[in-house]
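# Could you look at this predicted model? Sequence included:
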Amino acid sequence: MADRPITLEVLHGAVSGDAAAIRTVTRLQPAGGPGDKVFPPTYATDRSTPTRYALETRRIDGEERLTVLLDSVASQANRMEEALLAAWEERRLDFPVISVDFSAQDGLEDLGRISTLQAPHRIADALLRDSIAEDGTRFRDTPVGAAYTDATVRAADAIFESCPTALIFGVWDSTGPRGGLGNKIQRALVSEIVGVGVVSGVKTASRIDPVGIQANVDVYHRADDHDEWTIVLGEALKEKGGKPVPFSRKGSEGKGKPSAINHSNVAPTIDATAGGVTFDYAVQTTVLSLPALRRLRFPGTNGSDPAARNARERAARTALAALALAAIAELRERGYDLRSRSLLIPESGDPLTVEVVPAAGGEPARYTLSVDIAAELVRAAAAEAASHGLTWQREPLVLRPAPKLAELIRESRRRAAEGDVAEAEAS
Amino acid sequence: MLALRIDYLTGRSTATSYNDRSAAEWPPHPARVFSALVAAWADADEPDATERAALDWLAAQPPPSIAASDSSARTVVTHFVPVNDTALLKSFGKQRAKVAAALAAVDEAEALVSNAAAERERQRAERAVASARAKAEREQQKLLAYMLADQSAESATPSVAALEQAVSMLPERRTRQARTFPSVTPVDPVVHLVWENAEAAQHGAALERLARRVVRIGHSSSFVSCAFVDTAPAATYVPSDDGDMVLRVPGPGQVARLESAFALHREVEPRVLPYPFQRYAPTASAGKVDIAESVFGNDWIVLRQVDGPRLSSTLAVEVAEALRGALLAYADDPPPEVLSGHKPDGGPSDTPHVAAVPLPFVGSAHSTGAILGVAVVMPRHISPGDRRAVVRALGNWEQAARESYDDPEVDAPPLDLRLGARGVLKLERVAWGTAPLVNLRPETWCRPARRWISVTPVALDRNPGNLFSRDAQAAEQAWQAAANIISTGCERISLPRPSRVEVLPSVTTHGVAKARAFPPFPQDPGKVRRVKVHAFVEFAEPVRGPVMLGAGRYYGLGLLRPLRDEEGGGV
C-alpha cells in the first residue's frame, strides 16, 4: 500500500483540473478497546423516543445496521478550527488569524484572546464587529474590516488575506453593515463521525454520603440570613402561621431535606435514554469539495490578463486546499477526545491517507498526509500565493473589546459573585 | 438519452422536504437538482448565454426518470446553533447616511445660489445654504459623539438586560437557536436523472460545464459531484399519473421564474421556489394498468375563493348555479352545448357537459366544511373546440373583471361571483400544480382508489321509497333501492358497477354536512324534489375520479372523495 505523500503538484492539479473532492475515511475504535462503551452527543427529543441520540438504520453490504451520530458536521468543524489554532499558536502553521485581546482588560484576563477560529461566526462574528482596533476605530471601519465587508464570493481577495479559514469553513456576514446581503461563502470542508453496529446501554447514577447523613432531617431557611440553612427550629425563618420555611435553593431538588444542601444519599437511578452505546466500529468521513474552492474568485486590482488571473486564482485555491489538509492532519494528530467517556483512536496504525476523487467516477488516487507534510504544503502554497499579490500575515489586525463591552462583562461578573442573594430573593 | 450522474461525496444527503421541515427529501427532486444547476450558472461573473440556453432547453424536456436506491433516515434531532445578531454598539450606518444626505443638501443649496437671477433670490438662496451647512455640521457632531461613546464605558448603572447581552457576546455564552438538519443515507450514494428521449446536441458542452460546477444539492454540507453521462442504470422511479410520490420538477420557462423569485428572496428570505409537480411511481408498478375512468376529466380549472363570505358546503348548488350562470353570460352566443347542457332545440344534452363543482374543506381534523373554491370540470373526452369555448368564456370573464377593476396595474383581479343576498365571492384562478390547499387539487378528488365516500349528498335520480318509514321492511326496501340507484348512477358515468354500496344519512368524514342539512334540490318550486343521501361506494378494482353521481352531479352534489386503503370508511 505504499502511497506517496501528497505534493503541491497534486494539489495544483486537483484544484484546477477535474477532481471533485479530496476525501479521507478513517475507522476508529474506543480508546478502551473495541466493544468499550462510548457516549454519543444527546439531543432534546420528545419523550416518546427511546434514546436521545441521533440514530439511523443503514443498509451496509446488504445488512441492516443501526448507526449513531458521534460527532456532527458543526462539531467536527469546531474541532478542526481548534486544531488549527493550536498549530498556529505553536507556530507550526502561519496563516492570518484576527483576535480580540482581553488580556489587557482588568478582571477579564482569563478570557485571553478570542480569535476568528473560536468565534462562532468567524470573521463575521458579532464580537469582532463590536471590537475596536488600537487607535479606537471599530473593526469594520479599519482598512482590514472594511475590505472584508465589501468582499464577495466573486472577489474574495480580502477574505483570503484576513481570514482564510472562513473560506474553508464558510461564513455569512448576515448582521454586518450590509445586512442580509452581506457576503455568504459556503463551506468547503465537511466531516462527520458515525458509529456502526450500535447497541444502546444504560448508565447509573447514585451517591453514598461519606458521613452517613440521613434523609429524614429537616432543613430550614435561617431567619437572620435567608441564604443560609439551619436545622435548629429556633433559628429558622418562620412564615405567617408560625411554620418554619423549608430550605430550597434554585437548581437543587429536595425541598427541606439534606439533599437541598448537597448532603445525604441519592438513590440509584438507571438512565436508558442516554446510557451510552457500544459499536462495531466508528468511521470518520471528511470531504474537501473542490468545486466549492473553484467557486471562489480572486480578481485582484490590476487588469484582467486571463493567464495571470488564472495563475493567481490557482495559487489562492491551492493555499486554501493546503490549509484544509492541515486542519485534517492536525485533528487526527490531536486525537478524538469527543466528550466525557468518548475517546476514540484510529483502528489501524496506518498513516493518514487521502484520496483525490475524480469528477466522473473512477478510481481515486491515494496519497499519505501528515502534520509535517501539511505544514510544508501550507508554507509553499502561501509563498506562491504571495508571489501573486495575495499575502498572509500572521496577525493582520489585533482588536480589543470596546470599553463598553469590557465594563459590562466586569459588572456582570461582579454581580454574579454577590448575586446569589438577589437570585434567591427573586425566585 | 441524456443522464446526469450525481455522486453524494459524503455518503449523506441533507435536504429538507419542501413541505415538511422535519422530514428529509429522498430521492432528490429534479427541481432541486435543476436549482443547483441554475445556481452554478448564475455564480459566474458574467452568466453565460449558451449555458442559459442549455438550461432553458433542459427545463423544457419532459420530467426525467430517476435511478436512485433506497435510503435510511437519521432521527431528526434539534441542534442549537449560535446566533450572530447580538449587538452592543450602536450602528453608525444610519447616522452616516444622515450626514451624507445633509452634505448633499448643502451642494444642492449652493447650486441654487449660482442659478439665482434676482438679488432677492440670491439672498434667500444664501440663507438656505447657511442653514443646510449648519444642519450638516450638527449631524457630523452627532456622529462624532457616537464614535466617542465607543471609547468610554457605560457610566450609568446598566440594566440586567444590557449585562446579559454583553455576556452573550462571548462564544461560550452565546444565545443559541434551534435548527434541524434532516438527512438520509442512501444505500448507494450515486443517483442518476435520466431524460430518455432527449439528445443534448449543441447544449452538451454547456451542460457539462454547469454540472462540474455544482457544489451541493441541499444543505451546504451535502457535497456532490455531478457529470452528464451517456449511460445510466435502470430507473427506479418514473413519472406516472398514478404514482403516489409527488416530486417537484422543472417546467418550461423555469429559469425566468427562478430569476423573479431570486429578486424577492435574494438567498436570504425563507422560500419555496415555484416549480410544477409531477407524480412518480416506483418502476415495478409503473406499468400501464387499465384503470376505469368516469366521463369527467382530470383537467380542471380551479377557482379559489380569495374573499367574500365563508359559505358552507350545503350551499354548493347555489354557488354552482351562479358559476354556470357567469360562464354562460360570458360565453359565445348562442352558448355552446358543453356549457349549457342543453341541445339547440332546448332539450337536455345527451353527452356529458361541464360541471361546476364547489370544493369543500373536508378530510382533516379541523375541517369546517366551508367552500374553498369552485372547479370547472370538463368532460374527459371534450373536443378541442369545446374546450376552447369554455376557456374563452372564462377568459372573457377575466377580461371584464380587468376592465372594471380600479387599479390598472393589477394583472389578474379576482372574479366576482354574485350570490344575491348572500354576498359576492371573489375567485382567483389557481395555476396548475400550485394549489396550496389539498382540497383544491384535482388529484385529491381524481386519485385512483377502490373506496369512495360522498362529501355532498347524492341526489337520487328516482324516488327509492320512504327511507324513514315506520314499517321496517318498507324502510329496508327503500334503502336497498337507493343503493341500486347509486350503483346504476356509477354505470351512467361510465364506471363499473360497484361491489358494495352503503347508503347513509351522514358520514363521519370531517367537515361533511348531513344530507338533511342541504336545501331541497332542485330549488325550482315546480320541479320534483329529489331524495338526497350520503353514500359509501366500493369497487372491485381502483377507479380514477372524479366521481360525481346522481341528479345534481353537474352542480356539485354527489361529489365523492377517494379513501386510502388504510383509512376508515365512515361506515
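Sure thing, it's come through. As the structure is a prediction and not an experimental result, all values here were calculated from the model.
# Could you use CA atoms for every contact and neighbour count after this?
OK.
# And for B:V357, nearest residue in space, chain neighbours not counted?
Excluding its sequence neighbours, the residue lying closest to B:V357 (CA to CA, 6 or more residues apart in numbering or on different chains) is B:G556, at 4.3 Å.
# Ok, B:R271 next?
Using CA to CA, 6+ apart, the closest residue to B:R271 is B:H265 (6.9 Å).
# What confidence value was assigned to that neighbour?
Per-residue pLDDT puts B:H265 at 80.
# For the spatially most central residue of chain A, give its distance to A:E89.
With distances taken as CA atoms, centre = their mean, A:N78 lies nearest the centre of chain A, 2.2 Å away. Noted for A:N78: a distance of 16 Å to A:E89, by CA to CA, to the nearest Å.
# again with B:E259
46 Å.
# just B:A166 next, same as before
Taking CA to CA, one finds B:A166 at 27 Å from A:E89.
# again with B:R179
With CA to CA as the criterion, B:R179 and A:E89 are 33 Å apart.
# before we move on, what about B:P498?
Applying CA to CA to B:P498 and A:E89 gives a distance of 80 Å.
# Out of these two, name the residue with the larger neighbour count.
B:P498 (19 against 11; other CA atoms under 10 Å in any protein chain shown).
# Residue of the stretch 301-427 of chain A closest to chain B, please.
Using CA to the nearest CA, the single residue of the stretch 301-427 of chain A nearest to chain B is A:K404, 4.2 Å away.
# What is the neighbour count of that residue?
Residues contacting A:K404 under the criterion other CA under 10 Å number 21.
# in whichever strand or helix holds it, what's buried?
Assigned by DSSP states H and E, A:K404 belongs to helix A:403-418. For helix A:403-418, the neighbour count (16 or more other CA atoms under 10 Å in any protein chain shown) marks A:403-413 as buried.
# cool, and stretch A:254-270?
In stretch A:254-270, counting by 16+ other CA under 10 Å, buried: A:255-261, A:263-265.
# mind listing the helices in the stretch 201-350 of chain A by residue range?
A:290-294, A:306-334 (DSSP state H, counting those that start in this stretch).
# And the first one, how far out from the chain middle?
In other words, helix A:290-294. 23 Å (CA atoms, centre = their mean, to the nearest Å).
# So the residue nearest to the centre of chain A: helix, strand or coil?
Classification of A:N78 by DSSP: H, G, I helix; E, B strand; the rest coil places it in helix.
# residue contacts, it?
For A:N78, the contact set (CA atoms under 8 Å, 6 or more residues apart in numbering or on different chains) comprises A:Q118.
# okay, and for chain A, where does confidence drop off?
Applying pLDDT under 70 to chain A picks out residues A:1-2, A:46-49, A:180, A:251-252, A:303, A:419-427.
# Could you point out the longest strand of it?
strand A:19-30 (DSSP state E).
# touching chain B at all, that strand?
Yes. Against chain B, strand A:19-30 shows contacts by CA under 8 Å from any CA of the partner chain at A:20-21.
# Run a quick neighbour tally on B:G545.
Residues near B:G545, counting by other CA under 10 Å: 27.
# Next one: it from A:A260, what distance?
B:G545 is 68 Å from A:A260, by CA to CA.
# swap in A:V153?
For A:V153 relative to A:A260 (CA to CA), the value is 56 Å.
# contacts for stretch B:278-285?
By CA under 8 Å, 6+ apart, stretch B:278-285 touches B:63, B:235-249.
# among those residues, which ones are buried?
Judged by 16+ other CA under 10 Å, buried ones among these: B:63, B:235-243, B:245, B:247-249.
# which among those residues gets closest to chain A?
Nearest member of the buried ones among the contacts of stretch B:278-285 to chain A, counting by CA to the nearest CA, is B:T236, at 17.5 Å.
# and that closest one, what does it touch?
B:65-69, B:282-284.
# Check which helices and strands the particular helix or strand that has B:A39 in it is in contact with.
Here B:A39, judged by DSSP H and E, is contained in helix B:30-42. Under the contact definition 3 or more CA pairs under 8 Å, 6 or more residues apart in numbering or on different chains; DSSP states H and E, helix B:30-42 sits against helix B:49-60, helix B:204-213, strand B:245-248.
# Mind listing what's buried along the first one?
Spelled out, it's helix B:49-60. Residues of helix B:49-60 classed as buried by neighbour count (16+ other CA under 10 Å): B:51-59.
# Report how many residues lie close to B:E318.
Residues near B:E318, counting by other CA under 10 Å: 17.
# Burial check on the closest residue to it other than its chain neighbours, number of neighbours?
In space, and not counting its chain neighbours, B:E318 is closest to B:L419: 7.6 Å by CA to CA, 6+ apart. Here the number of neighbours of B:L419 (other CA under 10 Å) works out to 14.
# Isn't B:L419 up against B:E321?
No. Taking CA atoms under 8 Å as the definition, B:L419 is not a contact partner of B:E321, at 9.5 Å.
# so what sits against both of those two?
In contact with both B:L419 and B:E321: no residue, using CA under 8 Å, 6+ apart.
# Quick one: neighbours of the residue lying closest to B:V187 once chain neighbours are set aside, just the number.
Ranked by CA to CA, 6+ apart and with sequence neighbours excluded, the top spatial neighbour of B:V187 is B:S71, at 5.4 Å. Neighbourhood size, B:S71 [other CA under 10 Å]: 20.
# Test my guess that B:S71 contacts B:P28.
No. Counting by CA under 8 Å, B:S71 stays clear of B:P28, with 11.1 Å between them.
# what's the spacing between the residue nearest to the centre of chain A and chain B?
12 Å (CA to the nearest CA, to the nearest Å).
# sec struct for the residue of the stretch 351-500 of chain B found nearest chain A, please.
As assessed by CA to the nearest CA, chain A sits closest to B:A365 within the stretch 351-500 of chain B, at 22.3 Å. Following three-state DSSP, B:A365 is assigned to coil.
# Skip the chain neighbours and tell me the closest residue to it.
Using CA to CA, 6+ apart, the closest residue to B:A365 is B:H510 (6.3 Å).
# contacting residues for the residue of the stretch 401-550 of chain B found nearest chain A?
Residue nearest to chain A within the stretch 401-550 of chain B: B:H510 (27.7 Å; CA to the nearest CA). By CA under 8 Å, 6+ apart, the contact list for B:H510 reads B:362-369.
# farthest pair in these?
Taking CA to CA, the two most distant members of the contacts of B:H510 are B:A365 and B:G369; they sit 11.1 Å apart.
# Show me which of these two is the more surrounded one.
Ranked by neighbour count (other CA under 10 Å), B:A365 and B:G369 place B:G369 first, with 22 against 9.
# mind listing what the residue nearest to B:E318 touches?
Taking CA under 8 Å, 6+ apart, one finds B:318-319, B:322, B:425 in contact with B:L419.
# let's see it at 10 Å
B:318-319, B:321-323, B:425 (CA atoms under 10 Å, 6 or more residues apart in numbering or on different chains).
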